[in-house]
Structures are given as structure tokens and as C-alpha cells.
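Engineer: One predicted model, sequence on top.
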Amino acid sequence: MVTKIGLDLGYANITISDSIAEIYREPSVALVYKEPKADQRRIICVGSEAMVRGSEGIGADGSLLVRPFKNGILFDHQITKEIIQRALAALGEVDKLRCAVGVPSDFSPKQEKELFGMLTAAGVETAFSVARPVAAVIGAGYSPAMSVISVNIGALSTEIAIMHRGEVLSLTTAPVGGEDFDRAVKEHILEQGEVNVSLIVARAIKERLGAVWKGRANDSLDIEGTLSLTGNKLKMNVTTEDIVGVFEKPLERLIGAVHAAVLAIPPSAVEDIFKNGIVLTGGGAELYGIDVLMSRVLGISVTKPDGAMDCVAKGLSRINAFVSPRAKVGNKNITAQVAKYYETSKNTRGSK
Ligand SMILES: Nc1ncnc2c1ncn2[C@@H]1O[C@H](COP(=O)(O)OP(=O)(O)O)[C@@H](O)[C@H]1O
Ligand SMILES: [Mg+2]
């Protein structure tokens, strides 16, 4: 019976980790049918089913792929609730579910309250929130007391936590993420060949062929687009070499944001933090070579853990396991609390 979970409700994906770190992931998206006349709509399906059915014929019958977030902010409660419900259903039997949920650092208390309301409506008994980059470090297998720069690259934004001996010194969110890289691919193809491709196709190109550092084997992908002048459909082949250098602008913004957070580290914490450097997580960390490039540009070591995309959900479920049921958990002091539990449990385990 599942009683404690970590839930990472991301702009692109909703990811759940249970206490044995089993991972469930679904795209945070719904296929919505908009009645042509009346101001009404119907959710046809959510998650991967919506992604598949939606990308086959978006708009053709009046249906649209909709994400429940806008500018990183929850704006569609009905869709969010359905997506959460669908994801929780994958867990099977649950009892008195306690959920540690990852939230962006700029989430307002009002939004948090609304989110908790949706979780309760979806069957969760209690919930508490943790900033995503903080959870990511713990999910990567490190102690919450570690001094480190945690960078979590999502689809819409990059969240940075500066952590020092169990304290979170700063949390920042930069408005740059995986989708900016998709857009760079889309714009490049339009400029080069006057061909329009969807953002879904651009994302596939980025994931399959994109690289920001040397070493990726040459590969190619057959795609479909439309000629911008005539609107005629067209099939074409894109290779790794075709998109060399296209990510420069979003990369500059992303690495610039990490640099700014690094510059703000208090001198007394620099030595400790620089020993461990950056832990890079989130789906965006999977862009080929981004860890190497970031390390070279900033002169700081960068570690990309295995399963970087799941680290937030895994960390949240570990935090949930360590925090006592009676604890009043707040986003700000969670690290210190978890560090205490974590160290105690480690010592107990060690003395056996
Ligand atoms: N192999 C890959 N190469 C490049 N980008 C990737 C890869 N795998 C996933 N991504 C990107 O990661 C982002 C999704 O990451 P995720 O952490 O799930 O986002 P969010 O937390 O915002 O939901 C997308 O922009 C996706 O294109
Ligand atoms: Mg993420």
C-alpha cells in the first residue's frame, strides 16, 4: 500500500516517485475539445494519450493540446486536477497518502494553497511543498547537508538553489528552459529553409540530434514541416551537423543566470560550495554536452547524475520518508530539518 510519495508537477511532465523510487511519468498536458460556438470545452484525455492523439491532428477537429501552466503559473485548475488524478491512479492502492510536492521558488502562498486543494480533491490526505532544486540534490543521492549549487533545468525555467551545510542560501528562477532550445531549432529551420516545423518536431530534433559540446555521433532524423510561403507539406531530413551552434542564445541566458547566482555566494561559503560545484538535473540537463560546456564556461565542476530528469521526484519521496509525520514542514527550513533526520538515520544505520 502506498502512503508517501514525491510529486514533481512540472510544466512539461508530472513525475511521481514512491518510497521504493519507482517512477511514474506523464506529460502535463490535456487534449481539450473547444465547442465551436458555445464558450464550453471538454477534456478528452490527459497525459501521454493526449500527447499521442493530439500530435496526430491538432486543431483538425477543434481539439487542442493544453498545458495547465502559463508563464510557469498554474492557471487551469480543472486540467491540473485531472492530470494529478490520472497520475495518482497509476500508483494502485493508496492509503492516507502524504505527498511532498515540488514547487517553483516563486510560487505564491495563494497558489500553494490552491495546489494543496487540488491534491486533496485528487485523494491526497496531507501535502507539503519543497523547492525543486533542493529536492533534486537529495534525489541525486547526496546529503541535504551538502554545500552545492543545484541547477534544475525544466521546460520553461531553470531553478537554482545555493545550498550550504543544510541551509538554503538562495533560490532563484530564471525564465529559460528546454522550450527555448526547441524554439531555437524551429527558428533556425525557418531561417535556413523557409520551412515551418511544430515545437513538438523541434523538440524531437533537439533531443535526438542536439549537442552543445563535441563528441555526439552524427545522426539524422526524417521530419515533416510546411513551406512557409505556400503552406505545402514537405518531408525533410535533418542531421546533427545541420543544427550545430543553434543553441547559443538560450545557452548564454541559462549559463548567465547560473553565473549570477554563483557571484552572489557569500565569501565565507565559497570554498565549501566550490568543492562540490554544480549538480545539474531536470530534463534540460539531458541536452548533450551541457554539463561539460557549463563547467568549462564557469570554471566549476558540474555533475550530472544518472536519471537527472527524475531527481526532483525521487528527492521529494526521500524527504517525505525522512520527515516525521508530526513535523510542521515549511519550504524555507526543510533542508535543515531533513538534514537532521538524514544524519540521524545514517548514524543509526552506521552503528548497526
Ligand atoms: N535527451 C534530451 N535532450 C535534450 N533535452 C531533453 C532531453 N530529454 C528531455 N529533454 C528536455 O527536458 C525538458 C523537460 O524536462 P522536465 O524536467 O520534465 O521539465 P518540467 O520540470 O518543466 O516539467 C523538455 O524541454 C525536454 O525537451
Ligand atoms: Mg523537471
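Structural biologist: Cool, got the structure. Ligands and ions are numbered 1, 2, ... in the order given.

Engineer: Low-confidence bits of the protein, can you list those?
Structural biologist: The model of the chain has pLDDT under 70 over residues 56-61, 70-74, 324-337, 339-352.

Engineer: Could you chop it up by domain?
Structural biologist: For the chain, automatic domain parsing gives the domain ranges 2-28+67-141+311-350, 29-66, 178-243.

Engineer: Report the buried residues of the shortest one.
Structural biologist: Applying a neighbour-count criterion of 16 or more other Cβ atoms under 10 Å, the buried positions in domain 29-66 are 29-32, 41, 43-47, 49-51, 54, 63, 65-66. C-beta here means a position set from N, CA and C on the backbone, and glycine is covered the same way.

Engineer: now, which of these lie within helices?
Structural biologist: The helices, defined by DSSP state H, take in Gly47, Glu49, Ala50, Met51, Gly54 from the buried residues of domain 29-66.

Engineer: The third one reaches Val29, doesn't it?
Structural biologist: Yes - taking Cβ atoms under 8 Å as the definition, Ala50 is a contact partner of Val29 at 5.2 Å.

Engineer: Tabulate the domains of the chain (CSV), appending distance to ligand 2.
Structural biologist: Below are the domains of the chain laid out as CSV (distance: least, Cβ to the ion, whole Å):
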stretch, distance to ligand 2
domain 2-28+67-141+311-350, 4
domain 29-66, 14
domain 178-243, 9
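
Engineer: Ok, which of those domains comes nearest Ile149?
Structural biologist: For Ile149, the closest of those is domain 2-28+67-141+311-350, at 8.9 Å, according to Cβ to Cβ.

Engineer: List the contacts of Asn152.
Structural biologist: Going by Cβ atoms under 8 Å, 6 or more residues apart in numbering, Asn152 touches Arg132, Pro133, Ala136, Thr158, Glu159, Ile160, Thr281, Gly282, Ala285, Cys311, Val312.

Engineer: okay but the last one is in contact with Gly102, surely?
Structural biologist: Yes - with contact taken as Cβ under 8 Å, Val312 and Gly102 are classed as touching, separated by 4.9 Å.

Engineer: shared neighbours, these two?
Structural biologist: Common neighbours of Val312 and Gly102 (criterion: Cβ under 8 Å, 6+ apart): Gly6, Asp8, Gly10, Arg132, Ala135.

Engineer: shared neighbours, Ala50 and Val29?
Structural biologist: Common neighbours of Ala50 and Val29 (Cβ under 8 Å, 6+ apart) are Leu65.

Engineer: what are the ranges of the helices in the protein?
Structural biologist: Using DSSP H, helices in the chain cover 47-56, 77-89, 109-121, 132-139, 178-193, 199-209, 248-263, 267-276, 290-298, 311-322, 334-350.

Engineer: Next, the angle helix 311-322 makes with the shortest one.
Structural biologist: Counting by axes from the mean of the first three to the mean of the last three Cα atoms, to 10 degrees, helix 132-139 points 70 degrees away from the direction of helix 311-322.

Engineer: which parts of helix 132-139 are buried?
Structural biologist: So for helix 132-139, counting by 16+ other Cβ under 10 Å, buried means Arg132, Pro133, Val134, Ala135, Ala136, Val137, Ile138, Gly139.

Engineer: what packs against it?
Structural biologist: strand 2-9, strand 94-103, strand 148-153, strand 158-164, strand 167-174, strand 278-281, helix 311-322, helix 334-350 (3 or more Cβ pairs under 8 Å, 6 or more residues apart in numbering; DSSP states H and E).

Engineer: and with 7 Å instead?
Structural biologist: Applying 3 or more Cβ pairs under 7 Å, 6 or more residues apart in numbering; DSSP states H and E, one finds that helix 132-139 contacts strand 148-153, strand 158-164, strand 278-281, helix 311-322, helix 334-350.
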